[in-house]
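Chemist: show me the folded form of this:
(one chain, ligands or ions: 1)
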Amino acid sequence: MEKIGVVDFGGQYTHLIARRIRQLGVYSEVLAPQSGKKDIQGFKGLVFSGGPASVYDEGAPVCNPELLEGGIPVLGLCYGHQLICRMLGGEVKRGSVHEFGPAEFHPDPSHPLFAGMSPSSVVWMSHGDEAAKLPAGFRRIGYTADCDLAAVAADAKRIYGLQFHPEVTHSEEGNAILKNFLGLCGCSFSWKVSDYVKPLEDKLRAQCAGRKVFLLVSGGVDSTVAFALLNRALGPERVLGLHIDNGLMRKGESADVLDFMKREGFRNLHVKDASADFLSALKGTYAPEAKRKIIGETFLHVKDRALAELRLDPAEWLLAQGTIYPDTIESGGTHNAAVIKTHHNRVGAVLELLAQGLVVEPLADLYKDEVRELGLLLDIPPKLIWRHPFPGPGLGVRLLCNENARQVESGLRQKVSSYLEAEGLRGEVLPVESVGVQGDARTYAHPCLLRGLRDWAAAEKIAVALTNRLREVNRVVLEIGALADGYMSVPASCDRHSLDFLRDMDDLCGAFLYEENLYASLWQMPVVLLPLEKGGKPVVVLRPVISSEAMTARFAPLPFPLLDKLWKKLRTAGAGALLYDVTHKPPGTIEWE
Ligand code: XMP
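Modeler: Coordinates of the predicted model:
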């Protein structure tokens, strides 16, 4: 079988590269950088992934030089490109501008890597370093305004490098570049994901031989597909689902989940209200990562208790999880990856069970779009399949907490004011920090608020420019509507009162999407509650995004007149301001937390 190896330097997109290559009809596998000549026997080509390190960092991952001497084509992406440059005698330096998000790329039209491409094309960047001097035998084959050596080639050796990420969907012609590379590798594009279900079911039957499986079912796409798949592979008498109402769900969600499962004929699902356990465990915890850990661990305690109540013999039962591939990568699951966030399926106790082989994860190699495809094959209704994703820790992450009121450091306030003034804009840095992802590592930084701007194209341009130039800012938000007075930072915790308020806001915003026929046009629209007040009332953020696998995302512009209508509804229901996130991912994540 024709194979391409994706060498993993810890980039968040490593497995996305592998996925894209498979989508293009060529089987691909992820390889460790230490792999040598014998490991790549039979491979038609290699792609070097990006990674969170700088090639000059102490301990930065390098590869076995044999990978560059194997005589097969190599394509380096981002860190992979810089590493090739350095290992073969070139130089890498800190770029004068950090590029995150879209950039206009100008390829050399005569190079086969860019066959059939437009003269200029939007590509997705996420880097601080860049190649500065090329090794012997290399030449430039493309550039952007801020990156002179954005694409390079040593044609005689068949080694190529790109500073940007062709694998993410927001690189408009990225697939064409990957396809051209596969062509240069001599691939015949004959591999198909044919009949994934049967081998997966066989694997599950083998893995669960002699045991039963217990699964927490949130009601989202992943756990529902995992539940349906396990029922089909093992039979309902060997599968038990438990839906835990953790108090962090959307309005009416637990009742809806149960109704749906009953309607679909699944009788092996129990529901437990454990909201009091979760809220008391979260009391006094404010940091997002700490909240995630507590929520993950409380899930396990509640699960153990529920198992005891159900009198199931733990020796007989395995734990199943609906974990999908990005969840594993973003928790630092691959060797070199920086921790972006701890996924609730990857907390300590689960890791122990995983190490003992007591966890079944039927969807662990799949991306969201593949899970959906699988769900449709399993006859799960399309309405459920196309539901927006909702994070396991639920509103627990979207309710931003603060032990004490905060202030923005005066130096940053001034830097941002001068920037905005120079651009003729009105706005301010908000005294809130939220997670973002800038260059394969997570950052906590501030949102910058813009007032009186009603132009999506201008907002996008400012969001890209501002977050590229100021690392202390990872998001830009527009003020859609607000009560008078300034923004006041306030203490905030994960309590039932705030969660109920957020639930109401989320419900109004969700109903708005359905009423205005916007739901299907979005990947997701988190509704976030900030630890801020305006006119003494809570501040709400909308984060509508377009994405296809959540690794990258574009903010989605919705019509301003409809947003004005929504603001009126939220104001009547008690909100003090409605803000709108206009940041892509990167540098912002989809969730705020
Ligand atoms: P971020 O915020 O990292 O989110 O851009 C990417 C996607 O992952 C979802 N998400 C989660 N899903 N458990 C989940 O099942 C989690 O802990 C979790 N955290 C984030 C998020 O909603 C988005 O679709």
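
Chemist: contacts only, for the residue in the stretch 51-200 of the chain that the ligand sits nearest to.
Modeler: Using CB to the nearest ligand atom, the closest approach of the stretch 51-200 of the chain to the ligand is made by V168 at 12.7 Å. Every C-beta, even on glycine, is put in place using the N, C-alpha and C of the backbone. Shown in contact with V168 (CB atoms under 8 Å, 6 or more residues apart in numbering): Y13, L16, W124, G174, M551, T552.

Chemist: now do it against S280, distance only.
Modeler: Distance of V168 to S280, computed by CB to CB, to the nearest Å: 41 Å.

Chemist: OK, contacts around G59?
Modeler: G59 makes contact with A53, according to CB under 8 Å, 6+ apart.

Chemist: does it sit in a helix, a strand or a coil?
Modeler: Three-state call for G59 (DSSP: H, G, I helix; E, B strand; the rest coil): coil.

Chemist: check which helix or strand covers R22.
Modeler: Applying DSSP states H and E as the criterion places R22 in helix 14-23.

Chemist: thinking again about what came up before, and of the contacts of V168, the nearest to P102?
Modeler: For the contacts of V168, the closest approach to P102 (CB to CB) belongs to W124, at 6.3 Å.

Chemist: tell me the pLDDT at the closest one?
Modeler: W124 carries a pLDDT value of 94.

Chemist: what strand or helix carries it?
Modeler: Short version, using DSSP H and E: W124 is in strand 121-133.

Chemist: who are the packing partners of that strand?
Modeler: With contacts defined as 3 or more CB pairs under 8 Å, 6 or more residues apart in numbering; DSSP states H and E, strand 121-133 has these neighbours: helix 79-87, strand 91-107.

Chemist: and the shortest one, what does it pack onto?
Modeler: Helix 79-87 sits against strand 43-48, strand 74-77, strand 91-107, strand 121-133, strand 159-162, with contacts defined as 3+ CB pairs under 8 Å, 6+ apart.

Chemist: pLDDT on the very next helix or strand once past the last one, on average?
Modeler: Read that as strand 159-162. Counting by DSSP H and E, the next helix or strand C-terminal to strand 159-162 is helix 174-184. Averaging pLDDT along helix 174-184 gives 98.

Chemist: weed out the non-buried ones from the contacts of V168.
Modeler: The neighbour-count test (16 or more other CB atoms under 10 Å) applied to those identifies Y13, L16, W124, G174, M551, T552 as buried.

Chemist: how about the first one, nearest residue that isn't a chain neighbour?
Modeler: On the basis of CB to CB, 6 or more residues apart in numbering, the spatially nearest residue to Y13 that is not a chain neighbour turns out to be E167, at 5.3 Å.

Chemist: that neighbour - how many residues pack around it?
Modeler: Using other CB atoms under 10 Å, E167 has 30 neighbouring residues.

Chemist: what of the one 5 residues further on?
Modeler: If you count neighbours by other CB under 10 Å, E172 ends up with 16.

Chemist: residues touching it, list them.
Modeler: E172 neighbours (CB under 8 Å, 6+ apart): S121, V122, V123.

Chemist: let's have those residues in a markdown table, adding neighbour count and distance to K568.
Modeler: Below are the contacts of E172 laid out as a markdown table (neighbours: other CB atoms under 10 Å; distance: CB to CB, whole Å):
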| residue | neighbour count | distance to K568 |
| --- | --- | --- |
| S121 | 21 | 41 |
| V122 | 17 | 36 |
| V123 | 28 | 40 |
